[in-house]
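1. Let me see the structure of the following:
(2 chains)
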There are 2 protein chains.
Amino acid sequence: MSANPSFDILGELLPIKGVSLGVAEAGIRQSNHKDLLLIALDENIRIEVVFTQNKFCAAPVIISKEHIIKRNKGGSPVASKIDFIRALIINTGSANAGTGEKGIKDTRLVCAELARLLKCDVSQILPFSTGVIMEPLPVEKIIQSLPIVVANLSPDNWYSAAETILTTDIVPKAVSKKILLGDSVITITGIAKGSGMIRPNMATMLSYLATDAAISQALLRKMINNVVDNSFNRITVDGDTSTNDSFVLIATGRADNQEILDDTSIEYIELQNAITEVAVHLAKGIVKDGEGATKFITIRVEGGKDMDECTRVAYAIAHSPLVKTAFFASDPNLGRIIAAIGNAEIQDLNVYDLQFYLDDLLVFENGRVSENYSEKDGSNVMNKPEITIRVLFKRGESSTTVWTCDLSYDYIKINSDYRS
Amino acid sequence: MSANPSFDILGELLPIKGVSLGVAEAGIRQSNHKDLLLIALDENIRIEVVFTQNKFCAAPVIISKEHIIKRNKGGSPVASKIDFIRALIINTGSANAGTGEKGIKDTRLVCAELARLLKCDVSQILPFSTGVIMEPLPVEKIIQSLPIVVANLSPDNWYSAAETILTTDIVPKAVSKKILLGDSVITITGIAKGSGMIRPNMATMLSYLATDAAISQALLRKMINNVVDNSFNRITVDGDTSTNDSFVLIATGRADNQEILDDTSIEYIELQNAITEVAVHLAKGIVKDGEGATKFITIRVEGGKDMDECTRVAYAIAHSPLVKTAFFASDPNLGRIIAAIGNAEIQDLNVYDLQFYLDDLLVFENGRVSENYSEKDGSNVMNKPEITIRVLFKRGESSTTVWTCDLSYDYIKINSDYRS
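-> Sure thing, here's the model as predicted:
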């Protein structure tokens, strides 16, 4: 995807000028466990956020939206200092969702205290929470730990930040990438968390990406939607969309590139490609670290009439518990994929007019199992840790890709035990 | 539901005049296992069928639909002997779905041979299959066993028939009911199978109900749709709709009631209520016997604007793997129900304007956990084998009920091992 093949995804995490991060053990749900993250931004930094579409959006989502509306002059020619967001405060352990007016009030208290410490307006702070739903936020523990996260602020804390936002995920998900825009070196660094309740609808659980590129607010907004549609909105673990999903894209403008103002420019396209690549890497990381996941499954649907039907077919396969358990067992009981396709509510589907492949193995055509298919070959593919299901229609030019994982005993174990 | 409380669901299975059943061990997938069922009908018996809406409907579904179209004069004033269905032939082990033209041909061979044995037209036979998808039908084994099922025909074989159609289900699902229509005693007997791939859309996996009541073809058609909507279309195990779902309603007219011709008559309503009661009993039986099920969960949504939104909310809860695993664990992690409601795509939902209960325990109101709720009380309800989740909106007069089960280790085990 990158137009800069020499600058690939990096193992080391790079700081982004203008962004510093601090973490603390606030003891929100467990002791001896990092659970509070502050992302502090220097002055005049542009930010865009995409939130969950779950109607029970959490208190921090409501407050963050409110603060963004108040600050919406950020980046306009007449913006003043106060029109820019200065801090993101993120806690794990409690989602502060389904907590009513008290939840709203609790989040306001945290924001107010942080504004006092950072000497900014309360509306310059965006709060985020992740964890158990319908339990109260332990406000006092968080407020007591705010001076600690402030004291801990450093541009080099990205990995520690990625560890801090984990809940049931095991592996910190963090990545950096460098590209050249003209003569300017641009850096992108991102982190994400999420493992269950993953069917993002406009965003993943929580993910924070920052770049030092200079770009206008309008184009940053345009870019974030495009990036989310091609990364976090393409993954699913269990089909559940959380109450707290948020994806944040920060552009500090501290690099020396000329501010990007044209969405047809090569600079816009290259930056968008690079940020999408980082986002896809993090999104795939969430699926690979999906609750109980033992297989990483790419579902590719091609030749559909439109994106909508491609997406319906891809998710019908991705959400079928029977398909997911067959992959867990490496059992090529592939009729389950047929049944899932048939359930995708495509009214005029001709079942004789589609093929499906497992990796390069043709499994199904002409309304039945392919003549050259053997169950042994099917088993060989199913045994791999990463598998692509490719469905080929002859209905049109649209295609899509969705990433998911299998459904294992451990998914049940993790979700039976999560709170205990 | 019954207007005849003195005639409740019966433990013993009653024969229906005009219907006889024969079973055999054809060795389709396993040996020493009943897997072939013939339901033979006397002359001039009315029948209606509702089939799966899965686009990959199985070869027997295609052929059955074709035969019904050919016979559609059945019951009309000018109907001849040949306009009535005479036999249903049902095999387990192979679904004969995703088998292309060969699957169609295989089913035609079975029907032709059975027509020869029964001395009827081939189009008077309705074939049904259930089992593994995308594997060929073992036609020879079935044809060799057809004389055995014919020889085995008896009006008293309902229980044996219920055993024969099982696949991954453990418990035969069969029930009878008697009611009085005026002075006439009417009998209804039904069987069903289904355990996984259960989210019926117009029907369950397979179910056959027969009554001796006399009713016009038009009203039988009207009745079957109403019965299905209020029974098999209200259950879900894993959200997957099978390629072979079929629900058959037979009215032999051998009782001495006057033929029902008016859908506003008390006789029509009482018969429909009684048949619905039998169908609900069988549908609930499928959920209770759901793959790996340890809990039976009733989801009741009340006060919705319309049925559609009530149904969306009910299924969003019923299909959430996180809700289902919480019930398996008896863990009152009930925020997951809130998240599921929030995902049901009700655009103008006011989260402060709904309540939800577990049985009689108020869990959630005013956008947050209820003040009198305690986790101990929640645990007490969650530990029961049968639980009702009741969601109360204040949006309108519509309501619906959906029945489902939890998601356990055994669901994974059964579906990882099914074919082996």
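2. Could you give me the buried positions within stretch A:127-139?
-> Within stretch A:127-139, the residues scored as buried using 16 or more other Cβ atoms under 10 Å in any protein chain shown are A:127-135, A:137-139. Placement of C-beta: from N, CA and C, glycine included.
3. Can you lay out these as a markdown table showing pLDDT and distance to chain B?
-> Shown next, in a markdown table, are the buried residues of stretch A:127-139 (pLDDT from 0 to 100; distance: Cβ to the nearest Cβ, whole Å):
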| residue | pLDDT | distance to chain B |
| --- | --- | --- |
| A:Pro127 | 95 | 18 |
| A:Phe128 | 93 | 16 |
| A:Ser129 | 91 | 12 |
| A:Thr130 | 88 | 12 |
| A:Gly131 | 84 | 10 |
| A:Val132 | 82 | 6 |
| A:Ile133 | 82 | 2 |
| A:Met134 | 82 | 3 |
| A:Glu135 | 85 | 7 |
| A:Leu137 | 93 | 12 |
| A:Pro138 | 95 | 15 |
| A:Val139 | 96 | 15 |
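4. Which of those fall within strands?
-> Counting by DSSP state E, the part of those found in strands is A:127-132.
5. any chance of those in a markdown table, with distance to B:Asp377 too?
-> Converted to a markdown table, those look like this (distance: Cβ to Cβ, whole Å):
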| residue | distance to B:Asp377 |
| --- | --- |
| A:Pro127 | 31 |
| A:Phe128 | 31 |
| A:Ser129 | 26 |
| A:Thr130 | 27 |
| A:Gly131 | 23 |
| A:Val132 | 18 |
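6. from the residues you listed, which is closest to A:Arg395?
-> A:Thr130 (39.6 Å; Cβ to Cβ).
7. What is the end-to-end distance of stretch A:298-309?
-> 17 Å (Cα to Cα, to the nearest Å).
8. Now do it: everything it contacts.
-> Residues outside stretch A:298-309 that contact it (Cβ atoms under 8 Å, 6 or more residues apart in numbering or on different chains): A:310-311, A:313-314, A:317-318, A:344, A:346, A:386-404.
9. A ChimeraX selection for the residues you listed, restricted to the buried ones, would help me check which they are.
-> A single ChimeraX command selects the buried members of the contacts of stretch A:298-309 (16+ other Cβ under 10 Å):
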select /A:310,311,313,314,317,318,344,346,387,388,389,390,391,392,393,395,398,399,400,401,402,403,404
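10. contacts with chain B among the contacts of stretch A:298-309, please.
-> A:344, A:346 (Cβ under 8 Å from any Cβ of the partner chain).
11. Narrow the contacts of stretch A:298-309 to those in helices?
-> A:310-311, A:313-314, A:317-318 (DSSP state H).
12. of all those, which comes closest to B:Asp83?
-> A:Val313 (40.1 Å).
13. For A:Val227, pull up the helix or strand it's in.
-> Per DSSP states H and E, A:Val227 falls inside helix A:217-229.
14. Which neighbouring elements make contact with that helix?
-> strand A:46-51, strand A:246-251, helix A:266-288 (3 or more Cβ pairs under 8 Å, 6 or more residues apart in numbering or on different chains; DSSP states H and E).
15. That helix versus helix A:266-288: what angle between them?
-> Computed by axes from the mean of the first three to the mean of the last three Cα atoms, to 10 degrees, the angle separating helix A:217-229 from helix A:266-288 equals 30 degrees.
16. what's the angle between helix A:217-229 and strand A:46-51?
-> Going by the same axes, to 10 degrees, helix A:217-229 makes 40 degrees with strand A:46-51.
17. Flag every buried residue along helix A:217-229.
-> A:217, A:219-224, A:227-228.
18. Now for the residues you listed: which two are most distant?
-> Longest distance between any two of these is 16.9 Å, between A:Gln217 and A:Val228; criterion Cβ to Cβ.
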